[in-house]
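Engineer: Structure, please.
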Amino acid sequence: MTGNAPILITAVIVIILAVLACYALFTHSVNNKREKQRLLINSLKTRCRKIEETISCFPPGYLGNKLTVLIQMALVTTFEELNKLQPSDESHKRNLAAANERLTLLSKQRGGENLKSLNNPRQITGTRKNIKLLYKFFQQLNQKGTLSGTKGQDASLLIKDKLALLGVDEQDIQARAALAGGKHQLAAHYFTQARDILLKYNTEQSFNANIKNHSEWIENASNMAKAEQERVKMEKEAHENDSKKWEDADWKKKNIYD
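Structural biologist: The predicted structure follows:
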């Protein structure tokens, strides 16, 4: 028995070490899981806060009902996820209830889908930044498959339309400034640039009416440019004729005196 003592002691030590290793591994796994959950919760909270801050920065009615509803659906889904992760947190329940209420109200509304234009360069810059944040938000949701069906893709398409329209607004501002300065040919150029953007991104036929408007503006500006060119030409010819008459008169007077 005495001879087996070292073997027994070694076996006990091995068992204790194995138990400690298992415990350490289990503790590490639990802590790792908790850390991942903590990071996920913080990420979801930050996402909700940023998206709510972002949509509050847009001009009233700019996003349209469809996109606003999709954004609200995404917020509801995110608050639902937070509620599952922290069921004892009452703030998640309140936020989820408020988001569902807003979604219900928005879902009952109709209309307001006209693509709105902006006329202020600074407003366009700020709006483009916020639109890109929205696009990134929905890209993340698409990658995770958070939104059911094609809702995430639908939102991304609507956001792309908004970004395209901002580029159009920038060209239109320069076109109107050119018109105000009497530079009709330049205005036609900027309107054409704007129409090219609309044609490029008109895969969903969202810009048909806008394309038609720009075609009319291009034609009007071009006609005004032609009329202006004709007026300048006529004035030049009239000036040349007057100059010739004066030269002829001077020549006749010279012949008389001679």
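Engineer: quick one: the helices in the stretch 101-250 of the chain?
Structural biologist: Using DSSP state H, counting those that start in this stretch, the helices of the stretch 101-250 of the chain run over residues 121-144, 151-180, 184-200, 208-257.
Engineer: what stretches of this protein score poorly on pLDDT?
Structural biologist: 1-8, 11-12, 17-18, 24-32, 111-114, 231-258 (pLDDT under 70).
Engineer: Mind listing residues that contact stretch 165-177?
Structural biologist: Applying C-beta atoms under 8 Å, 6 or more residues apart in numbering, the contact partners of stretch 165-177 are 115, 117-119, 121, 124, 127-128, 131, 186-191, 193-194, 197-198, 207, 210, 217, 221. The C-beta positions use only the backbone N, C-alpha and C, and glycine is treated the same way.
Engineer: Would you show me how to pick out the buried ones of those residues in PyMOL?
Structural biologist: PyMOL command restricting these to the buried ones, with burial defined by 16 or more other C-beta atoms under 10 Å:
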select buried, resi 115+118+124+127+128+131+186+187+188+189+190+191+193+194+197+198+207+210+217+221
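Engineer: any chance of the helices of the stretch 101-250 of the chain in JSON lines, with distance to E52 too?
Structural biologist: Output for these, formatted as JSON lines (distance: least, C-beta to C-beta, whole Å):
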{"stretch": "helix 121-144", "distance to E52": "11"}
{"stretch": "helix 151-180", "distance to E52": "16"}
{"stretch": "helix 184-200", "distance to E52": "30"}
{"stretch": "helix 208-257", "distance to E52": "30"}
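Engineer: quick one: which of the ones you listed is nearest K66?
Structural biologist: Of all the helices of the stretch 101-250 of the chain, it is helix 151-180 that lies closest to K66, at 6.2 Å by C-beta to C-beta.
Engineer: That closest one versus helix 184-200: what angle between them?
Structural biologist: 170 degrees (axes from the mean of the first three to the mean of the last three C-alpha atoms, to 10 degrees).
Engineer: Helix 151-180 relative to helix 121-144, how many degrees between them?
Structural biologist: Going by the same axes, to 10 degrees, helix 151-180 makes 160 degrees with helix 121-144.
Engineer: Check which residues of helix 151-180 are buried.
Structural biologist: 151-152, 155-175, 178-179.
Engineer: for stretch 67-82, same thing?
Structural biologist: Those would be 67-79, 81-82, for stretch 67-82 by 16+ other C-beta under 10 Å.
Engineer: ok, these vs H92, which is closest?
Structural biologist: Distances from H92 to the buried residues of stretch 67-82, taken by C-beta to C-beta, are shortest for L82, at 4.6 Å.
Engineer: For stretch 195-203, what is the distance to the chain centroid?
Structural biologist: Mean-position distance between stretch 195-203 and its chain equals 16 Å (C-alpha atoms, centre = their mean, to the nearest Å).
Engineer: contact partners of that stretch?
Structural biologist: 160-161, 164, 167-168, 171, 207-208, 210-211, 214-215, 218.
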